[in-house]
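Chemist: structure, please.
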Amino acid sequence: MRNVVIVDGVRTAFFRAGSVPDLNARKLGVVPVKELARRYPGLEKLIDCVVGANIGNQLLPPDGSNIARLIALDAGIPQHVDARTININCGSGLEAIIDAAMRVEVGLAQCVLVIGVEVMSDYTAAYGRKQRDEFGKLLAISKKKSPMVFKGPRLIAQKAKTRFMAHEPEWLIKVGLTDPYCGLGMDKIADKLASEFQISRKELDLFALESQRRAYKAQKSGRLAEEIVSFQGLDQDNGVREGQMIEHLARLRPLNPGGTTTPGNSSQVSDGAVALIVADKEFVKAQGWPRLAGVSSELSAAAGCDPTVMGLGPVAAIRKLFSKMHAMDQAWDLNAFGVIETNEAFASVVLAQSRLLEKEGYGPLPWDRTNINGGAIAIGHPVGASGARLALTAAIELKRQKKELAIVTLCVGGGQGVAAVIENLD
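Modeler: Next comes the predicted model:
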């Protein structure tokens, strides 16, 4: 198989949902793509296919289906270049990179553009079938000629005030954050993990505090700026809190009665976009392009777990990946990695992952090498973009620290996990 490299990558800043007006996924997603095209003149003509990652913006307008295709066309990618959009919930951005690597490895492409984007501000609301049926009945009644009924909008307005019809729509942000199989909201799953692994509220808040401190330090030092391209003059993640204090976090009310998960120790609902070039190593050499990092589909794994503890998905994926490597006479544990990026969906899921990894003999997450620039609690979690962001951050950190290997992993709604190894080629 061909050797695959990540040539380069860039992202927008991540914005708290609702903080940037008039924003949609197409408008945001094209920004990092055009930055890569600026860095590598003629890139558009060298791309063989586009692999995108998005969850909620392709369900209904304004962006429509297969958003990767729309962004590619907006960015000037030739019409004959095919594009597809992957959805494996929170793991989509990383899975898009793995998919791109596989295409290059088997010879389906030499150069693939990966785009991860999510604008959670733009999630819509929808009426279900039952509500639509009831609405249709009201319209039919309003058209009947009878002195006993009000006509048209007047009747509908009157009926809307009664219990005749449930006018509350399905808010897709709420639907997306609720597991459809077990019926638990992600926040309740986070509380469940905290309880099962005996993780205290104070531990959760201290973890969140450290995420904020690390992100703020990385932001002020310029480390985060290395991976960000400006959008409308905005070039910093606006969820990072300067001067975050444990007292502030401790005062926040739990999301559920009796629970320990709060808005402060949970990831932020965010908007953001990431783009990367994934290509054949020899092709890259011929172009005279740099090599940011190496990636291989063989050194990746996706695995399922009980949906009621979906936050443990990364452990299942790491277990599968390490088992695969053991079969190749490579005995790995977490000490093999100089950089570790795991998505901070909630403080409780990361702490639970660490305890289970230690119990299974892989070692606890080493905090001096894990999410050293902060994580989603501080930076944000635009779900379709997060996996690509973690891989980009890990690749840059490997080069900066001159470390050999990184591992990137995310828990996935529905009870899954995705993990991949990134290699420093210097």
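
Chemist: ok, now which ones touch A279?
Modeler: By CB atoms under 8 Å, 6 or more residues apart in numbering, the contact set of A279 is V4, V5, V7, V104, Q110, C111, V112, W289. Any C-beta I mention is one placed from the backbone N, CA and C, and that applies to glycine too.

Chemist: tell me how many other residues crowd the first one.
Modeler: Burial measure for V4: 24 neighbouring residues, criterion other CB atoms under 10 Å.

Chemist: now do the contacts for it.
Modeler: V4 neighbours (CB under 8 Å, 6+ apart): A100, A101, V104, E105, V278, A279, D280, K281, G294, V295, S296, S297.

Chemist: domain map for the chain?
Modeler: Domain ranges of the chain: 4-123+268-417, 128-168, per automatic domain parsing.

Chemist: helices of the stretch 251-400 of the chain, start to end?
Modeler: 281-287, 313-327, 347-359, 376-379, 383-401 (DSSP state H, counting those that start in this stretch).

Chemist: what about the shortest one, average pLDDT?
Modeler: Across helix 376-379, the average pLDDT comes to 98.

Chemist: do the same with the first one
Modeler: Averaging the model's pLDDT scores along helix 281-287 yields 98.

Chemist: for that helix, list the C-alpha coordinates in CSV.
Modeler: The C-alpha trace of helix 281-287 is given here as CSV (Å, rounded to 0.1, in the frame of the first residue of the first chain):
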residue,chain,number,x,y,z
LYS,A,281,4.0,10.5,0.0
GLU,A,282,5.6,10.2,-3.4
PHE,A,283,3.1,12.6,-4.9
VAL,A,284,3.9,15.1,-2.2
LYS,A,285,7.6,14.8,-2.8
ALA,A,286,7.1,15.4,-6.5
GLN,A,287,5.1,18.6,-5.8
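
Chemist: and T178, what is it in contact with?
Modeler: Shown in contact with T178 (CB under 8 Å, 6+ apart): L184, G185, M186.

Chemist: out of those, which are buried?
Modeler: With burial judged by 16 or more other CB atoms under 10 Å, the buried subset of those is L184, M186.

Chemist: could you pull up phi and psi at D8?
Modeler: Dihedral pair for D8: phi -170, psi 170, per degrees, to the nearest 10.

Chemist: bridging across strands, which residues link to it?
Modeler: Counting by DSSP bridges, D8 forms beta bridges with I277.

Chemist: quick one, what contacts G128?
Modeler: By CB under 8 Å, 6+ apart, G128 lies in contact with E170.

Chemist: look up phi and psi at it.
Modeler: The phi/psi pair for G128 (degrees, to the nearest 10) reads phi -80, psi 180.

Chemist: I'd like to know how far it sits from G185.
Modeler: 19 Å (CB to CB, to the nearest Å).

Chemist: after the least confident helix or strand in the chain by mean pLDDT, next one along is what?
Modeler: When each helix and strand of the chain is scored by mean pLDDT, DSSP states H and E, helix 152-160 comes last, with a mean of 51. Once helix 152-160 ends, the next helix or strand along the chain (criterion: DSSP states H and E) is strand 170-171.

Chemist: averaged pLDDT, whichever helix or strand comes after that following strand. What do you get?
Modeler: Moving toward the C-terminus from strand 170-171, the first helix or strand encountered (DSSP H and E) is helix 172-176. Looking at helix 172-176 alone, the average pLDDT works out to 79.

Chemist: surely G414 is in a helix?
Modeler: No - applying DSSP: H, G, I helix; E, B strand; the rest coil, one finds G414 to be coil, outside a helix.

Chemist: relative to F14, how far out is N66?
Modeler: As for N66, its distance to F14 is 23 Å (criterion: CB to CB).

Chemist: show me the shaky parts of this structure.
Modeler: Across the chain, the ranges flagged by pLDDT under 70 are 59-63, 138-139, 141-167.

Chemist: which stretches in the stretch 1-150 of the chain count as helices?
Modeler: Going by DSSP H, counting those that start in this stretch, the stretch 1-150 of the chain shows helices at 25-39, 43-46, 67-74, 92-105, 129-142.

Chemist: what lies in contact with the second one?
Modeler: By CB under 8 Å, 6+ apart, the surrounding residues in contact with helix 43-46 are L36, A37, A75, G76, I77, P78, Q110, C111, I277, Q287.

Chemist: how many other residues sit next to the fourth one?
Modeler: Other residues lying near G76 total 13 when counted by other CB under 10 Å.

Chemist: now it: closest residue in space, sequence neighbours ignored.
Modeler: Spatial nearest neighbour of G76, excluding adjacent residues (CB to CB, 6 or more residues apart in numbering): E44 at 5.2 Å.

Chemist: name all residues that make contact with L390.
Modeler: Applying CB under 8 Å, 6+ apart to L390 gives the contacts G93, L94, E341, T342, N343, V408, L410.

Chemist: same thing but at 6 Å, please
Modeler: By CB atoms under 6 Å, 6 or more residues apart in numbering, the residues touching L390 are E341, V408.

Chemist: and for N3?
Modeler: Applying CB under 6 Å, 6+ apart, we find N3 in contact with K281.

Chemist: distance-wise, check it relative to R291.
Modeler: Distance, N3 to R291, by CB to CB: 10 Å.

Chemist: now do the buried residues in stretch 289-308.
Modeler: 289, 291-303, 305, 307-308.

Chemist: pull it out as CSV, backbone CA atoms only.
Modeler: The C-alpha coordinates for stretch 289-308 follow below in CSV (Å, rounded to 0.1, in the frame of the first residue of the first chain):
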residue,chain,number,x,y,z
TRP,A,289,5.2,20.1,-0.6
PRO,A,290,6.0,19.8,3.1
ARG,A,291,4.9,16.8,5.2
LEU,A,292,3.2,17.7,8.4
ALA,A,293,2.7,14.2,9.7
GLY,A,294,2.1,10.6,8.6
VAL,A,295,-1.2,8.8,8.9
SER,A,296,-2.3,5.2,8.2
SER,A,297,-5.7,3.6,8.1
GLU,A,298,-4.0,0.5,9.5
LEU,A,299,-3.1,2.4,12.6
SER,A,300,-6.7,3.4,13.4
ALA,A,301,-9.7,1.7,14.8
ALA,A,302,-13.4,2.3,15.4
ALA,A,303,-15.3,0.2,18.0
GLY,A,304,-18.7,0.1,19.7
CYS,A,305,-19.7,0.0,23.3
ASP,A,306,-22.9,0.2,25.4
PRO,A,307,-24.7,3.4,24.3
THR,A,308,-25.5,4.2,27.9
